[in-house]
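**Q** just the structure for this:
(2 chains)
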Amino acid sequence: EAGVAQSPRYKIIEKRQSVAFWCNPISGHATLYWYQQILGQGPKLLIQFQNNGVVDDSQLPKDRFSAERLKGVDSTLKIQPAKLEDSAVYLCASSPNTDDEQFFGPGTRLTVL
Amino acid sequence: AQRVTQPEKLLSVFKGAPVELKCNYSYSGSPELFWYVQYSRQRLQLLLRHISRESIKGFTADLNKGETSFHLKKPFAQEEDSAMYYCALKGFQKLVFGTGTRLLVSP
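**A** Model (predicted):
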């Protein structure tokens, strides 16, 4: 079975620019997660979707970050405008449902200059 | 609040030596604990969870509620065990990760 797909794999932008990341979860997985992993730290949950509804976005910096999963399948995460401290790997994960094992994508490495 | 602490950034051992990766947690409820592993150039993946009480690739982990610990152990390390290991706690339906320990197994 195909795993979680993410694109792009790498992105370099200047501060105050905008950027978007895309995630395609494993087919049939209802739950989708976006994590931010800053160098030297563990992944931190930004937002969790159940189908196309938001379950938890308590750690999403909503003044600059937004995410959507309009049809309950693919998802996009956007940062506008980016700050230097947003440099990190952004991981997407999916699971059949909330209590099931999460499967991670390869991540998108963002560098903000 | 839920928190996971992995005190060692790096653990370096020789092949055949025992390994113990430390994990302590803080959580007011009844936690679910996990170990995730990331091998070089591979994705983060689940290694084991405490509720399954199974051994995966020779690794075991026991939840000690009295000491609030979930240390990962293997009696004889192999070179292919070299990887980044993350302890994680699931509480309030959210997975919280520790900062990770890099295990380096030398021949």
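**Q** give the contact list for the most centrally placed residue in chain A.
**A** For chain A, the residue nearest the mean C-alpha position is A:W34 (3.1 Å; C-alpha atoms, centre = their mean). For A:W34, the contact set (C-beta atoms under 8 Å, 6 or more residues apart in numbering or on different chains) comprises A:23, A:45-48, A:67, A:75, A:77, A:90-92. Any C-beta I mention is one placed from the backbone N, CA and C, and that applies to glycine too.
**Q** and the residues you listed, which are buried?
**A** A:23, A:45-48, A:67, A:75, A:77, A:90-92 (16 or more other C-beta atoms under 10 Å in any protein chain shown).
**Q** and stretch A:104-113, which residues are buried?
**A** A:104-110, A:112.
**Q** tell me which of those residues fall in strands.
**A** A:104, A:108-110, A:112 (DSSP state E).
**Q** which stretches of chain A have low pLDDT?
**A** A:1 (pLDDT under 70).
**Q** where do the strands of it begin and end?
**A** A:5-7, A:10-13, A:19-24, A:31-37, A:44-50, A:53-56, A:65-68, A:75-79, A:88-95, A:103-104, A:108-112.
**Q** once you drop chain neighbours, what's closest to the residue of chain A at minimum distance from chain B?
**A** Proximity of chain A to chain B (C-beta to the nearest C-beta) peaks at A:G42, 3.1 Å away. Leaving aside its sequence neighbours, A:G42 sits nearest to B:F97 (C-beta to C-beta, 6 or more residues apart in numbering or on different chains; 3.1 Å).
**Q** what's the neighbour count on residue 100?
**A** Picked chain A for this. When neighbours are counted by other C-beta atoms under 10 Å in any protein chain shown, A:D100 registers 12.
**Q** try again with chain B
**A** B:G100 is flanked by 24 other residues according to other C-beta under 10 Å.
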